[in-house]
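Chemist: Below are the sequence and a predicted model for it; my questions follow.
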Amino acid sequence: MEQKTARLTVLIDPDKKKAFEALCAQQDVTPSQVVRRLIRDYLAAHGVGYASGPETATPR
């Protein structure tokens, strides 16, 4: 898990937001957890590493 956080503001259609939040609640995850996972997957799919990511972490 990342040590620090930063805010990302996203504008979305209110109906999509409501449906997204309802689906997240049904799956017992927060919208933030889903967005973080989407970003991690997107970065990995494009081979982009980042300081706190597993692909750049030093093995113990």
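Modeler: Received, thanks. Residues are numbered from 1 along each chain as shown.

Chemist: Same question for Tyr42, what's its three-state structure.
Modeler: Classification of Tyr42 by DSSP: H, G, I helix; E, B strand; the rest coil places it in helix.

Chemist: Tell me the pLDDT of it.
Modeler: Note on Tyr42: pLDDT of 97.

Chemist: How about the contacts made by the spatially most central residue of the chain?
Modeler: Note on the chain: the residue nearest the mean C-alpha position is Arg36, at 1.0 Å, using C-alpha atoms, centre = their mean. By C-beta atoms under 8 Å, 6 or more residues apart in numbering, Arg36 lies in contact with nothing. Every residue, glycine included, has its C-beta placed from N, CA and C.

Chemist: do you know how far it is from Lys4?
Modeler: 13 Å (C-beta to C-beta, to the nearest Å).

Chemist: rewinding a little: would you check how far apart the residue nearest to the centre of the chain and Lys18 are?
Modeler: 20 Å.

Chemist: Check Leu38 too.
Modeler: 18 Å.

Chemist: so where's the chain shaky on pLDDT?
Modeler: 1-2, 53-60 (pLDDT under 70).

Chemist: check contacts around Gln33.
Modeler: Gln33 touches Cys24, counting by C-beta under 8 Å, 6+ apart.

Chemist: for Ala51, helix, strand, or coil?
Modeler: Ala51 - assigned by three-state DSSP - is coil.

Chemist: What segments of the protein are helices?
Modeler: Along the chain, counting by DSSP state H, helices occupy 14-26, 31-45.

Chemist: mind checking which of these is nearest Leu8?
Modeler: helix 31-45 (7.6 Å; C-beta to C-beta).

Chemist: which parts of that closest one are buried?
Modeler: Within helix 31-45, no residue is scored as buried using 16 or more other C-beta atoms under 10 Å.

Chemist: got the angle for that helix vs helix 14-26?
Modeler: 90 degrees (axes from the mean of the first three to the mean of the last three C-alpha atoms, to 10 degrees).
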